[in-house]
Every structure is written in structure tokens, then in C-alpha cells.
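Q: Got a sequence here, can you model it:
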Amino acid sequence: MLYRVEGIVIRSMDYGEGNKIITLCTESGGKAGVLVRGAKKSKSRHAALTQPFTYGEFVYFRNTGLGTLNAGEIIQSHHVLREDITKAAYASYACELLDRVLQDEETGTFWFKQLKACLEALESGKDPLIVMSIYEFKILQAAGYAPQLDACISSGQQCADEDMFVSPRLGGVLCRSYKHFDPAALSVTPRTLKLLRLFARMDLNRLGNIDVKDSTKLEIKHVMRQFMDMQLEVKLKSRNFLDQLDKYDM
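A: Below you'll find the predicted structure:
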């Protein structure tokens, strides 16, 4: 069967002497693995289509399993992301996270739009930590693990932000009176809690410039890291690389 889809290359690997296999996040049909014959050859007309983060139209034939590329056209190459080591690291993390969470048979429209918006925001120079925190929220929400941040997850009561603790293990916030349900719950500033609620509601496609203090950004990063670890339990090579970049920046 012949497929014509819009998709983003979230993974690209060598196959044999001259071929590549790409994994696409498509707008209409979830993930798709596609063999691109001759993509490693210098004169290949399809080589550019196999680059990570490439957004394009792909035409491929597939009966079952792996498809074979017939034709394709680049819509947005995202070469800027590949040319900047920090942007490339964040973009790789966004792609790997989606690849690990999204199952092959799942419909990909929501995921595709979030990834597309994430890559565009990174390319345009938006703060990568803010972009990624919002993106991680969307991943958690779509995977069914959206944190409960407006009321205590144990009592259902709304308390002052100063009396709230964040419990990544329980998946939400705890009032001071119920902190004993998770002694490891995180103490965060009211500003961080307000921003986390904002990120949960924000649309990446409408992201403007948000001015956040470095100390608050670090707190948000720590909270989101804990949520991702506790709720999704995925280990990503790209995140290890991001951690190494952070150490270098310090």
C-alpha cells in the first residue's frame, strides 16, 4: 500500500552499506519506520530527507512492517538545530522522548503538532529550558500522567501556595498537613508553582517570550526531571548528553 504523509524524522540510523532507516512521527498515522535506499551515497537525492528533525512530505510503500521510500519533499529542514550543539541536544531529547513514549499504533496528530511546535520554538531562539518544560508537560498529559497542581492530591483541598509541596511520586501537590504521605515531596517557591500551572495550560504553538529568573528555571527543571523519572520511567541517552552540557556550561 502506498502512503503519503507529512512527518518529522525523529530517528535516523545506517542500514547496510548505503541505506538508512528513518523513524517518522507522522501527522496522520503515528510512528512509521521507512527504509531509504542509497541515502548514504553522496549523490543520493533522498539523503537530506533522512537528517534528524527534518519536516517533510514522505511517500512510501508498505505492506507490513518497514516501509520503503518512493519519494519525498522537504518542508522545513531545521538545519539551524543541527548546526548548534545546544539546540541539537534539546531537539534530540524532544525526539527521543516522543519516540520512547509514543507506541507505533497510536494516532500521532497531537504528538506531531507538539513536536513540530517544540522544534520551531527551539529554532527561533526561545529559551530551551522553558520550551522543554512545556513540551514535557504535554508528553505527560498525552500519556495520561498529567500532574495535579491546583489542589492537594490527597485531600482535594486548595491551600496557599506557600503551604504546597510537589510530589512527583504521587503525581501532584500536597498540602503541608498531608506531606507525611510523601516525606520526599519537594519544597518549591510560589513563583515556580504558578509557572508550572501556566505551563500545564500553555499551547506551545502560541509561546511568546517568558522572562524567568535562573534560580526559578533550575527549580522548574528539577521538578520536571522528577516528574519524568517517577511517572514515565524512561532512560534517555539524549538526556545524559544534556546533563553533560549543563556541567560544561557551569
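Q: Could you report the neighbour count for Ser42?
A: 5 (other Cβ atoms under 10 Å). Just so you know, the C-beta spots here come from the backbone N, C-alpha and C atoms, and that holds for glycine as well.
Q: That one in helix, strand or coil?
A: coil (DSSP: H, G, I helix; E, B strand; the rest coil).
Q: Contacts only, for it.
A: Applying Cβ atoms under 8 Å, 6 or more residues apart in numbering, we find Ser42 in contact with no residue.
Q: where does it land on pLDDT?
A: pLDDT, Ser42: 76.
Q: now swap in Leu193 and tell me
A: So, for Leu193, pLDDT stands at 96.
Q: same question, the one 5 residues further on
A: Looking at Leu198, its pLDDT reads 93.
Q: Show residues contacting the host helix or strand of it.
A: Using DSSP states H and E, Leu198 maps to helix 190-201. With Cβ under 8 Å, 6+ apart as the test, helix 190-201 has contacts from 130, 133-134, 137, 141, 146-147, 149-150, 161-162, 164, 166, 173, 188, 212, 216, 219-220, 223.
Q: Buried ones among those?
A: 130, 133-134, 137, 146-147, 149, 164, 166, 173, 188, 212, 219-220, 223 (16 or more other Cβ atoms under 10 Å).
Q: Out of the residues you listed, which sit inside helices?
A: With DSSP state H as the criterion, helices contain Ile130, Ser133, Ile134, Phe137, Glu219, Ile220, Val223 from among the buried ones among the contacts of helix 190-201.
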